[in-house]
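this is the structure alone, sequence omitted:
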């Protein structure tokens, strides 16, 4: 997650409260999704950005996770994400993001 987006997440969390924020990821690889998930839960693992050492514990999901996918209109999801979903390693992405969320998330339902 780039420094600008880290600052946006930090600012929104300060403004609205961490319990009211959900981060929705769309990274195409499990590792990239995991790094972003870790950044918004446990803090920036590279210690380079505004979230370095900041443990927000935010709810974080990837758009291909079933609990998120089910919230979209099926036609819209297919149109916007369906083709990409066929080439992504969906299981790897889900495993990566859910494990980070379960380990570091403070507001998991």
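On my side now, so go ahead. Keep in mind that what you see is a predicted model, and the values were worked out from it rather than measured.

and residue 50, its phi and psi?
Main-chain torsions, residue 50, degrees, to the nearest 10: phi -60, psi -20.

and the next element down the chain from whichever strand or helix holds residue 10?
Element membership for residue 10, per DSSP states H and E: helix 3-16. Remark: after helix 3-16, the chain's next helix or strand is strand 22-25, criterion DSSP H and E.

now the strands for the protein?
22-25, 59-62 (DSSP state E).

pull up the pairing partners for the last one, direction included.
So the one you mean is strand 59-62. Counting by DSSP bridges, the strands paired with strand 59-62 are strand 22-25 (parallel).

buried residues, the strand it pairs with. List them.
23, 25 (16 or more other CB atoms under 10 Å). All C-beta atoms are positioned from the backbone trio N, CA, C, and that covers glycine.

give me the mean pLDDT for that strand.
Strand 22-25 shows a mean pLDDT of 97.

contacts for it, please.
The contact list for strand 22-25, computed with CB atoms under 8 Å, 6 or more residues apart in numbering, reads 9, 33, 36-37, 40, 58-63, 68, 97.

please repeat the previous calculation with a cut-off of 10 Å.
1, 5, 9, 12-13, 32-37, 39-41, 56, 58-65, 68, 71, 93, 96-97, 101, 107 (CB atoms under 10 Å, 6 or more residues apart in numbering).

over to stretch 39-48?
1-3, 5-6, 9-10, 13, 18, 21-23, 25, 34-35, 38, 49-60, 97, 100-108.
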